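In: what's the 3D shape of this:
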Amino acid sequence: MGNIYDLIIIGSGPAGLSAGLYGARAKLKTLILEKGKTGGQIVTTHDVANYPGSVENASGPKLIARMVEQCKSFGAEMKKDNIIDVDLESDIKVLKGEKGEYRGKAVVIDTGSTPRKLGVKGEKELTGKGVSYCATCDGDFFTDLEVFAIGGGNSAVEEGIFLTKFARKVTIVNKNEKLTCAKSIAEKAQNNPNIEFVHNTTVKELCGDGILKKVVFENILTGELSEYEADEEDGTMGVFVFIGLKPETEIFRDKIYTDQNGYIITDEDMKTNIEGVFAAGDCRVKALRQVVTATNDGAIATISAEKYIESKEWNLEKSTI
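Out: You can find the predicted model right below:
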């Protein structure tokens, strides 16, 4: 008989690892699949202060490392593979990866989301050459330089504050008239002498020959364009983009109900419209995308999956290789 898992989790962010922990502890044969770096977006966060019980100087990577350790200690299996197609309609779900094929009774989708791009000229060419989407990853490269943090939400302002540890000046460029982040975060940024704010403004173009040299801005109220060039002695500057996330749900869009933005629709038990398929974390429709809500999603998804598995009579002879 072929290798059939009780529970397969696609993605190893906090939701996926929480689902894996609950699955393994419940003695379900559990597999966690991840195409890239374990941990999702949280591994790019230098300080995790809003996760209950987190200690001072807790970081995303440290938190994820502990979650992985817990999953493995209870017997969860982890593999690296990129899932490129799925068959979710049958009792035994089939996931086709670049390295192999995986079958399970229930599936939890935790594919997360990725940073949205500006979509302007020069962005693609200058990514990694002055343009970044991760302050934790790249902040150190801009020590004593000037940087721009694009966006006005929690991520943009929090990461802008973090960037002041390296850059000599941080300018937060916000398309709205006011910041949309939490008031406490806004106050902290406004009290930082190394942070300036530009409102009602977007990036029009990014310029440079192999390295970022100039940014063209547009005032959305007047249409007026302005240019900012890197200091001649610096030679470059940084643009950090924090304008939201895009759900990684492309392979599911014709197979599972999603909203107009591509986020998977679930009920409060994390059930999708397909029996035996659940979604958790940043890839699903929800009001708040934080580590604490992701781990909550993962736990609920697995409890729901366990109940689903126990409710069915399985004829695995029909599901052999």
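
In: the longest strand in the protein is where?
Out: Determined from DSSP state E, the single longest strand within the chain is strand 101-109.

In: which elements pack onto it?
Out: Packing partners of strand 101-109 (3 or more Cβ pairs under 8 Å, 6 or more residues apart in numbering; DSSP states H and E): strand 4-10, helix 14-25, strand 30-34, strand 93-97, strand 277-279, helix 291-311. (Glycine included, C-beta is placed from N, CA and C.)

In: would you mind giving these as JSON lines with mean neighbour count, mean pLDDT and distance to residue 137 added?
Out: Output for the helices and strands packed on strand 101-109, formatted as JSON lines (neighbours: other Cβ atoms under 10 Å; pLDDT from 0 to 100; distance: least, Cβ to Cβ, whole Å):
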{"stretch": "strand 4-10", "mean neighbour count": "25", "mean pLDDT": "98", "distance to residue 137": "24"}
{"stretch": "helix 14-25", "mean neighbour count": "29", "mean pLDDT": "98", "distance to residue 137": "18"}
{"stretch": "strand 30-34", "mean neighbour count": "25", "mean pLDDT": "98", "distance to residue 137": "18"}
{"stretch": "strand 93-97", "mean neighbour count": "19", "mean pLDDT": "97", "distance to residue 137": "26"}
{"stretch": "strand 277-279", "mean neighbour count": "28", "mean pLDDT": "98", "distance to residue 137": "27"}
{"stretch": "helix 291-311", "mean neighbour count": "21", "mean pLDDT": "97", "distance to residue 137": "18"}
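
In: could you point out which of the ones you listed sits nearest residue 165?
Out: Nearest to residue 165 among the helices and strands packed on strand 101-109 is helix 291-311 (21.7 Å), distances taken as Cβ to Cβ.

In: and the contacts of that closest one?
Out: Residues outside helix 291-311 that contact it (Cβ atoms under 8 Å, 6 or more residues apart in numbering): 6-7, 13-23, 26, 28, 40, 42, 48, 50-52, 63, 105-106, 108, 110, 268-271, 275-276, 278-282, 284, 286.

In: measure how that helix sits relative to helix 14-25, angle-wise.
Out: 40 degrees (axes from the mean of the first three to the mean of the last three Cα atoms, to 10 degrees).

In: quick one: mean pLDDT over the longest strand of the chain.
Out: The pLDDT scores in strand 101-109 average 98.

In: and it, what's buried?
Out: Residues of strand 101-109 classed as buried: 102, 103, 104, 105, 106, 107, 108, 109 (neighbour count, 16 or more other Cβ atoms under 10 Å).

In: where's it relative to the chain centroid, distance-wise?
Out: 21 Å (Cα atoms, centre = their mean, to the nearest Å).

In: now it and helix 14-25, what's the angle there?
Out: 110 degrees.

In: ok, then the element right after strand 101-109?
Out: Per DSSP states H and E, the first helix or strand lying C-terminal to strand 101-109 is strand 113-115.

In: the residue lying closest to residue 17 once chain neighbours are set aside: neighbour count?
Out: Nearest non-adjacent residue to residue 17, counting by Cβ to Cβ, 6 or more residues apart in numbering: residue 67, 4.1 Å away. Residues near residue 67, counting by other Cβ atoms under 10 Å, number 24.

In: residue contacts, residue 67?
Out: Contacts here follow Cβ under 8 Å, 6+ apart; on that basis residue 67 touches 14, 17, 18, 21.

In: distance of residue 260 from residue 253?
Out: 11 Å (Cβ to Cβ, to the nearest Å).

In: who's more crowded, these two?
Out: Taking other Cβ under 10 Å, residue 260 and residue 253 do not tie; residue 253 has more neighbours (12 against 5).

In: contact partners for that one?
Out: Contacts of residue 253 (Cβ under 8 Å, 6+ apart): residue 262.

In: how close does it sit to residue 234?
Out: Separation of residue 253 from residue 234 (Cβ to Cβ): 44 Å.

In: how about residue 178?
Out: 30 Å.

In: list of residues touching stretch 176-188?
Out: In contact with stretch 176-188 (Cβ under 8 Å, 6+ apart) are residues 152-154, 156-158, 161, 172, 174, 189, 197, 199-200.

In: reformat those as CSV; add pLDDT.
Out: Listed next are these as CSV, based on pLDDT from 0 to 100:
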residue, pLDDT
152, 96
153, 94
154, 91
156, 94
157, 96
158, 93
161, 96
172, 98
174, 97
189, 97
197, 97
199, 97
200, 98
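
In: right, and the helix or strand after the helix or strand of the chain with the lowest mean pLDDT?
Out: Here the helix or strand of the chain ranked lowest by mean pLDDT, DSSP states H and E is helix 135-138, holding a mean of 82. Once the chain leaves helix 135-138, the next helix or strand it forms, by DSSP H and E, is strand 146-150.
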